[in-house]
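*Asks:* model the following, please.
(one chain, ligands or ions: 1)
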Amino acid sequence: MRVAEISVGAIRHNVARVRELTGGAVIVVVKADGYGHGAAIAAEAALAGGAAMVATADLEEALTLREHGIDAPILCWLHGARVDFADAVAARIEIGVSHLQQLEAVAEAARALGSVATVQFKVDTGLSRNGAAPEEWEALFARAAELVAAGLVRVTGIFSHLANAGDANDRLQAERFDAAVAGLRAVGIEPDMIHLAASAATLRSPHLHYNTVRVGVAAFGLSPFADQTSAQLGLIPAMTLRAEIVALRGVPAGTGVSYGFNHVCETATTLALVPIGYADGMPRALNGAGAWVTVAGEHRPIVGRIGMDQFIVDVGPLAGRLELGDEVVLFGDPEQGHPPVEIWAGLMRTINYEIVVGIGPRVRRIPVDGPAS
Ligand SMILES: *Cc1c(COP(=O)(O)O)cnc(C)c1O
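*Replies:* Have a look, this model is predicted:
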């Protein structure tokens with residue numbers, strides 16, 4: 001009764017669009033269960049669209065992709081303080097390394113398995129999160145050269161992440177990144193993949209593309225910008241959040257709706273009950289904010305407080321045309337007439353990323369082949 005339809009065709013299209021824009025390799029980030037779309041569905045679609053690699057934050061997420069049969073290169077970069085990299089090395093996961101201690105742990109795992117670990121260096125160029133700080137680069141790269149010579153480690157890439165703090169800062173981060181790449185080359189290591197741009201810089205800053213880009217939200221067809229829509233960027237939103245009408249009730253004028261009666265029907269109308277609530281990631285603060293859904297191709301308002309499991313739509317003039325089981329679309333592709341997810345994000349003073357990634361586990365992810373409909 002509640003589904004997030006995931007358009008595999010839309011993800012393929014979006015990845016192909018990014019490839020066309022950059023001409024280089026594309027890494028698609030499917031962390032946090034593929035931004036809520038389902039990590040395995042997203043990874044398969046991204047690879048079908050021409051992604052060279054998929055990436056996650058956590059090692060666990062990377063291993064789960066392997067369990068789902070994703071055989072392509074996978075990168076992950078956010079590690080616990082006492083992580084054991086044995087499973088990563090055994091599963092051929094490329095390990096994003098941020099400091100010397102991690103590099104030693106990776107080499108230790110390779111030695112124990114009698115295998116070679118594959119790493120990409122994550123360097124901090126100004127975001128101040130993980131990634132090796134500039135003063136650590138020299139020692140880190142020198143040790144890497146020793147481990148490469150010892151046959152324990154293979155280095156396939158180097159990357160950093162932008163703060164999206166304006167063009168001047170982007171250029172400064174790129175300069176520092178260039179210095180890190182030069183430092184790696186100085187110890188005799190030539191990385192295959194050099195990547196700085198996530199979705200925002202991929203879509204707007206061609207001078208930051210290097211030979212690889214690393215996109216998340218754009219692959220899912222969402223815009224990282226407040227002032228440009230998906231369609232304006234040539235992207236198709238991949239998630240359509242749908243539910244069925246599970247009750248229809250005609251009510252007289254003056255009827256209070258949901259907890260606290262903060263909505264009272266001005267006229268006689270018909271209310272439709274939709275089984276999605278805040279447990280499923282529908283923000284409770286949408287209450288009274290003017291959000292709408294599509295029902296039978298029409299825009300109809302959400303009324304009354306959002307419950308944990310359900311909310312109410314005033315379907316007024318559509319009443320005679322509706323029956324139980326009819327579909328309600330909460331958000332999807334605005335080109336298909338559905339509310340864009342950005343309406344919720346705007347009402348919630350947050351970003352589209354937070355809405356899609358917050359859609360809960362009770363909502364079934366159903367892959368469909370075509371573009372979102
Ligand atoms: C999440 C993440 C990305 C993807 O960012 P988007 O803005 O969704 O493209 C890229 N790189 C790193 C390091 C990330 O953490």
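
*Asks:* those helices in the protein, which residues are they?
*Replies:* Taking DSSP state H, the helices of the chain run over residues 8-22, 31-35, 39-48, 59-67, 86-90, 100-113, 134-149, 167-186, 199-204, 341-347, 352-357.

*Asks:* residues making contact with the first one?
*Replies:* Residues from elsewhere that reach helix 8-22, judged by C-beta atoms under 8 Å, 6 or more residues apart in numbering: 26, 28, 37, 41-42, 44-46, 48-51, 202-203, 206, 209, 213, 215, 218-221, 234-238, 333, 367-372. (C-beta placed from N, C-alpha, C; glycine too.)

*Asks:* reformat the helices of the chain as JSON lines; add mean pLDDT, distance to the ligand and mean neighbour count.
*Replies:* Output for those, formatted as JSON lines (pLDDT from 0 to 100; distance: least, C-beta to the nearest ligand atom, whole Å; neighbours: other C-beta atoms under 10 Å):
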{"stretch": "helix 8-22", "mean pLDDT": "98", "distance to the ligand": "10", "mean neighbour count": "22"}
{"stretch": "helix 31-35", "mean pLDDT": "98", "distance to the ligand": "6", "mean neighbour count": "23"}
{"stretch": "helix 39-48", "mean pLDDT": "98", "distance to the ligand": "12", "mean neighbour count": "24"}
{"stretch": "helix 59-67", "mean pLDDT": "98", "distance to the ligand": "12", "mean neighbour count": "19"}
{"stretch": "helix 86-90", "mean pLDDT": "98", "distance to the ligand": "17", "mean neighbour count": "19"}
{"stretch": "helix 100-113", "mean pLDDT": "98", "distance to the ligand": "15", "mean neighbour count": "18"}
{"stretch": "helix 134-149", "mean pLDDT": "98", "distance to the ligand": "18", "mean neighbour count": "16"}
{"stretch": "helix 167-186", "mean pLDDT": "97", "distance to the ligand": "13", "mean neighbour count": "16"}
{"stretch": "helix 199-204", "mean pLDDT": "98", "distance to the ligand": "3", "mean neighbour count": "22"}
{"stretch": "helix 341-347", "mean pLDDT": "94", "distance to the ligand": "14", "mean neighbour count": "20"}
{"stretch": "helix 352-357", "mean pLDDT": "97", "distance to the ligand": "6", "mean neighbour count": "22"}
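
*Asks:* show me the contacts for the residue in the stretch 1-150 of the chain that the ligand sits nearest to.
*Replies:* Among the residues of the stretch 1-150 of the chain, residue 29 lies closest to the ligand, at 4.2 Å counting by C-beta to the nearest ligand atom. Taking C-beta under 8 Å, 6+ apart, we find residue 29 in contact with 35, 54, 55, 56, 198, 214, 215, 216, 219.

*Asks:* now do residue 176
*Replies:* Neighbour list for residue 176: 123, 125, 126, 134, 160 [criterion: C-beta under 8 Å, 6+ apart].

*Asks:* quick one on the thing from earlier: and of the helices of the chain, who's closest to residue 314?
*Replies:* helix 341-347 (17.0 Å; C-beta to C-beta).

*Asks:* and the closest one, what does it pack onto?
*Replies:* strand 327-331, helix 352-357 (3 or more C-beta pairs under 8 Å, 6 or more residues apart in numbering; DSSP states H and E).

*Asks:* hmm, who's touching it?
*Replies:* 222-223, 229, 237, 239, 283, 285-286, 289-292, 331, 351-352, 354-356.

*Asks:* OK, contacts around the closest residue to residue 338 other than its chain neighbours?
*Replies:* Of all residues not flanking residue 338 in the chain, residue 332 sits nearest, at 3.5 Å (C-beta to C-beta, 6 or more residues apart in numbering). Going by C-beta under 8 Å, 6+ apart, residue 332 touches 5, 237, 239, 240, 241, 242, 338, 339, 340, 372.

*Asks:* residues contacting whatever residue of the stretch 151-300 of the chain ends up closest to the ligand?
*Replies:* Closest approach between the stretch 151-300 of the chain and the ligand, counting by C-beta to the nearest ligand atom: residue 216, at 2.6 Å. Contact analysis of residue 216 by C-beta under 8 Å, 6+ apart lists 28, 29, 30, 31, 35, 198, 199, 353.

*Asks:* no further questions, thank you.
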